[in-house]
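Visitor: sequence first, predicted coordinates after that:
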Amino acid sequence: MRHEILYSPAFACARVLLDPGQSIRCDGGAMVSMSTTITLESKMEGGIGKALGRMFSGETFFQSILTATHGAGEVLLAPSVFGDIIPIQLQGNGYLVTSGGYLASDTSLTAQTKGSWKAFGAGEGMFLTHLYGTGDLLVASLGAVHGVELGPGQTYVVDTGHVVAFHDQMDYNVRPVSQGLWKSIRSGEGFVCEFAGPGTVYLQTRSPQQFAAWLAPILPGRS
């Protein structure tokens, strides 16, 4: 997938260049614009069961397949929130993406919805999106993206609302940030994810939950 990331990190947009006959998969509604040589087809990938799983993991019910059916062309893709987009190149390995993080990928990658009690405990919903194989993955964030590479046995702590994606072979646990639940609540942090290497974890500089809590008081009330 030939691509470039435009307007990063606040209002990122991905420009993807497709050769004749080449296709990409993206989240429904991610397409901003495209060449007239590109054909868009919405599919309920994997049947209704997997489509429902995608909804629970923060993706849309239908996914879009964009194909350069009439010659080479370009596609502009953007997430629903303002923030950054990063490419992750998979070479036979896999990544787990948290709710709302998946933007697009090569059709060569396999995408599955994976249930996780750990993710549920982390406030990320019951499901994660598991992508694996060989190809490029585009992940979106709220705010900028920061990657942390961990060596074997190295650990790192990330606030649950800031986790975007991480290597599927990494071990992680959800725990209170401080000893005792009440101390964690008073700290304003609550629960965190502790990751163990080797692998890379990507985090976002803004939390969707914290942003929603900040926004709620200033929204006009419903009549």
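Guide: Here it is on my side, so go on.

Visitor: report the central residue of this protein.
Guide: The centroid of the chain falls nearest to G101 when counting by CA atoms, centre = their mean (1.7 Å).

Visitor: I'd guessed that one sits against L138; true?
Guide: No. With contact defined as CB atoms under 8 Å, G101 and L138 do not form a contacting pair (9.8 Å). Quick note: C-beta positions are derived from backbone N, CA and C, even for glycine.

Visitor: give the pairing partners of the helix or strand hosting N173; include direction for each.
Guide: Assigned by DSSP states H and E, N173 falls within strand 171-176. Sheet partners assigned to strand 171-176 using DSSP bridges are listed as strand 191-196 (antiparallel).

Visitor: phi and psi next, for D19.
Guide: Per-residue torsions, D19: phi -80, psi 160 (degrees, to the nearest 10).

Visitor: and if you look at W214?
Guide: Note on W214: its backbone torsions stand at phi -70, psi -40 [degrees, to the nearest 10].

Visitor: where's it relative to A165, distance?
Guide: 24 Å (CB to CB, to the nearest Å).

Visitor: these two: which is more packed in?
Guide: A165 (27 against 11; other CB atoms under 10 Å).

Visitor: host element of the more buried one?
Guide: With DSSP H and E as the test, A165 turns up in strand 163-167.

Visitor: now do that strand against strand 191-196, angle only.
Guide: Here the directions of strand 163-167 and strand 191-196 differ by 20 degrees (axes from the mean of the first three to the mean of the last three CA atoms, to 10 degrees).

Visitor: buried stuff in strand 163-167?
Guide: With burial defined by 16 or more other CB atoms under 10 Å, the residues of strand 163-167 counted as buried are V163, V164, A165, F166, H167.

Visitor: good, we can wrap up now.
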